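Q: Give me a model of this one.
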Amino acid sequence: MAAPSAVRRLLLATGFLVLVQAGVGLVINLYGLFPTHHRGSRAEAHRVRAYESFAWAVGHGTLALAVHTALGLTLVLLSILTAVRAVLLRRRAVACWTVLGTLLVIGAAVFGGSFLASGKTLDSLLMALFALSAELCFHLAVDLLPSGRHGPVATLR
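A: Numbering: from 1, shown residues only. As a prediction, this is how the structure comes out:
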């Protein structure tokens, strides 16, 4: 069984990474740090070709885009690990919020790949909304964990 303190650290790290990822994504979106035409930007079946966009972004995109993509893939793996640890903790509410947050992170990654492939602003919006919703889920899961404190601190007289 996982320790609540370890799950808390994982949730905090995952939530922090979501915020960093969203910040980098905002910079990329605001300053247009990616070309609209690249190897993965075919109009047909753009969701199927999203993997080509991911590979292109890491290998040939701008530095900001490569960091954003690599961070996103790392975030997917970290959130899956966090969800597994939360489920092993056997606290139903913590596990549910963490698994939902993980699904939202995966959804954000899918919409990110779709945005790279299609350039549709709706995909970018959904990517951001899914990511920020995931942050909320991870925050709620942290709040449901026991604090780890052993009572009030004694005051000196």
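
Q: Tell me if I'm right that Thr102 and Leu77 touch.
A: No. Thr102 lies out of contact with Leu77 (C-beta atoms under 8 Å); the separation is 10.3 Å. The C-beta positions use only the backbone N, C-alpha and C, and glycine is treated the same way.

Q: Neighbour count: these two, which is higher?
A: Neighbours around Thr102 and Leu77, counted as other C-beta atoms under 10 Å, are more numerous at Thr102. The numbers are 24 against 10.

Q: Identify the residues contacting Gln21.
A: Listed by C-beta atoms under 8 Å, 6 or more residues apart in numbering, the contact partners of Gln21 are 68, 71-72, 75, 131.

Q: which one of those has the most neighbours?
A: The most crowded member of the contacts of Gln21, judged by other C-beta under 10 Å, is His68 (26 neighbours).

Q: Leu26 is in contact with that one, correct?
A: No. Using C-beta under 8 Å, His68 and Leu26 do not qualify as a contacting pair, with a distance of 10.0 Å.

Q: Give me the neighbour count for Thr121.
A: Under the neighbour criterion other C-beta under 10 Å, Thr121 is assigned a count of 10.

Q: Kindly report the same for Leu73.
A: For Leu73, using other C-beta under 10 Å, the count is 14.

Q: No further questions, thank you.
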